[in-house]
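>>> sequence unknown, structure follows:
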């Protein structure tokens with residue numbers, strides 16, 4: 001009876017894990033293919049911060065710094081962008097197990113809107129930096145390795161990009177850059 005219960009728990013855990021992996025693959029394959037909205041990146045980034053509030057409030061010694069500046073709107077899937085920012089924030093929090101500062105911000109540079117998520121955590125070793133955007137690459141025991149590759153694919157589908165800079169022992173900064181939505185030209189009368 002006890003052995004059967006243990007086996008049943010193992011089967012349930014395996015099924016849940018398989019379901020999570022399949023859902024991740026489906027999300028990866030569909031990213032960037034959904035409709036797009038005219039979006040204020042500051043607002044979506046703030047929503048991602050709020051969605052992760054339980055995580056950073058439960059963590060020890062985490063401070064949140066917001067650096068939002070007025071920006072033009074961008075054309076992107078709100079859900080995909082929110083998912084990318086949420087994933088970046090969760091990764092940043094996990095990189096600071098002993099505490100630190102999470103800085104999120106957004107600004108406009110010429111014809112692009114640039115948002116960032118930066119942490120003062122462990123940093124990414126150089127040998128891992130080359131693999132960071134590869135599908136299924138993960139250093140987490142329960143990760144699928146699709147979060148960053150999905151974010152990169154989603155932003156590329158919207159004519160944007162995701163990049164990062166990292167120093168071991170100093171932290172990591174991920175940057176999401178999307179083109180400003182140009183105002184439609186008025187039709188000549």
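Happy to help now that I have it. All values derive from a computational prediction rather than experimental measurement.

>>> Helices of the chain, start to end?
2-30, 41-51, 53-58, 78-94, 126-129, 147-157 (DSSP state H).

>>> wait, which of the ones you listed is closest to residue 68?
helix 41-51 (4.7 Å; Cβ to Cβ). All C-beta atoms are positioned from the backbone trio N, CA, C, and that covers glycine.

>>> List the buried residues in that closest one.
For helix 41-51, burial by neighbour count (16 or more other Cβ atoms under 10 Å) applies to 41-42, 44-46, 48-49.

>>> Per-residue pLDDT of residue 33, please?
On the pLDDT scale, residue 33 is placed at 51.

>>> who's in contact with residue 52?
86, 89-90, 93 (Cβ atoms under 8 Å, 6 or more residues apart in numbering).

>>> from those residues, which is closest to residue 109?
Taking Cβ to Cβ as the measure, residue 109 sits nearest to residue 89 out of those, at 21.7 Å.

>>> isn't that closest one right next to residue 116, touching?
No - with contact defined as Cβ atoms under 8 Å, residue 89 does not reach residue 116; the gap is 11.1 Å.

>>> So for those two, which sits in the more crowded spot?
More crowded of residue 89 and residue 116, by other Cβ atoms under 10 Å: residue 89, with 24 against 20.
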